[in-house]
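1. pasting the sequence and the predicted coordinates here, then a few questions.
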Amino acid sequence: MGNIRVLSYNVHGSVGLDRRRLPARQLAILRRADADCIALQEFVNLPDGEGGQLLDHWGESLGMTSRFAPAFVRGGQTFGNAILSRFPIGHCAEHDISVPRGRRRVALEVALAVDHVMLNVITVHCAVHPAARTMQRELVTAAAAKACGDVHILLGDFNEWYVWNGTFQALRADFGVGPTLPTFPALAPALALDRIWVRPRERLLATQVDSRAPAPYASDHLPVIATVEV
């Protein structure tokens, strides 16, 4: 295998801009993307209506295995990060990147065996408050620095948009400069909150944002997709 497709998507609890919770709408977007590895933020693992959980249903529908890391509770529902993969998931870890007096935040890390290449994937959802993100910066970069693998992918909703902020400066030093593609708000994207970083940098071949219907109203974020050489 030469290249794989990796997707990051803040699904907003499967609630769209029309305030309707329609997981099937987002599943259609994921199916269309045909990604090999999917990272989801603000995922709520709801009952699927058939006695199972939503993540299991999505995994079965896409032919992927999955992992879920719960983070914070809002409105009586548990939000967290999830990863779906067409490749076997080996090592799996949850890194607590919470800060004092803030919502619990976790970085979900998995190791994927892609032929003879070990792929390390970490997905994050950083805090909205700038001071909290500053504290999370060291936690996220430390987790990425300690990760083992041949190719490293750090992706998710960083809630940062200024290209000169400390978080992106630290990540650029480790992962190199990557594309800046607006993903938020979904209807008229102006801020590049969602990023995919790859190390070694030359393995990141292309990045794009899926703005085709129904993505502009299925969540408040658009999904970002990268082609990675493995």
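-> All right, it came through fine. Numbers count the residues shown, from 1 in each chain.

2. next, the buried residues of stretch 199-212.
-> Residues of stretch 199-212 classed as buried: Arg199, Arg203, Leu204, Thr207, Val209, Asp210 (neighbour count, 16 or more other CB atoms under 10 Å). Where you see a C-beta, it was placed from the backbone N, CA and C, and this is true even at glycine.

3. so what secondary structure elements neighbour the one helix or strand in the chain whose mean pLDDT sits lowest?
-> Lowest by mean pLDDT, DSSP states H and E among the helices and strands of the chain is helix 166-175, with a mean of 80. Counting contacts by 3 or more CB pairs under 8 Å, 6 or more residues apart in numbering; DSSP states H and E, helix 166-175 packs against helix 130-146, strand 151-157, strand 194-199.

4. let me have those in CSV, adding distance to Ala107 and mean pLDDT as columns.
-> Shown next, in CSV, are the helices and strands packed on helix 166-175 (distance: least, CB to CB, whole Å; pLDDT from 0 to 100):
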stretch, distance to Ala107, mean pLDDT
helix 130-146, 5, 85
strand 151-157, 8, 96
strand 194-199, 13, 95
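
5. and these: which comes nearest Ala113?
-> strand 151-157 (11.7 Å; CB to CB).

6. paired strands for that closest one, with orientation please.
-> strand 117-125 (parallel), strand 194-199 (antiparallel) (DSSP bridges).

7. need the contact list for the nearest residue to Leu22 once chain neighbours are set aside.
-> Closest residue to Leu22 apart from its sequence neighbours, by CB to CB, 6 or more residues apart in numbering: Gly16 at 6.4 Å. Shown in contact with Gly16 (CB atoms under 8 Å, 6 or more residues apart in numbering): Leu22, Arg25, Pro214, Tyr217, Ala218, Ser219.

8. right, and the third one touches Leu30 too?
-> To tie it back to what came earlier, the one meant is Pro214. No. Pro214 is beyond contact range of Leu30, at 11.8 Å (criterion: CB atoms under 8 Å).

9. joint contacts of the two?
-> With CB under 8 Å, 6+ apart, Pro214 and Leu30 have no common neighbours.

10. so those two - more neighbours on which side?
-> Leu30 (21 against 15; other CB atoms under 10 Å).

11. please name the residues that touch that one.
-> Going by CB under 8 Å, 6+ apart, the list of residues near Leu30 reads Leu7, Tyr9, Ile38, Trp58, Leu62, Leu84, Pro223.

12. Asp56 versus the last one, what's the distance?
-> What that stands for is Pro223. Distance from Pro223 to Asp56, counting by CB to CB, to the nearest Å: 21 Å.

13. neighbour-wise, which of the two wins?
-> Pro223 (28 against 15).

14. if we can go back for a sec, next, format the helices and strands packed on helix 166-175 as CSV and append distance to Gly176.
-> CSV is the format used below for the helices and strands packed on helix 166-175 (distance: least, CB to CB, whole Å):
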stretch, distance to Gly176
helix 130-146, 13
strand 151-157, 11
strand 194-199, 7
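
15. okay, the residue nearest to Leu22 and Gly52: tell me how far apart.
-> For Gly16 relative to Gly52 (CB to CB), the value is 23 Å.
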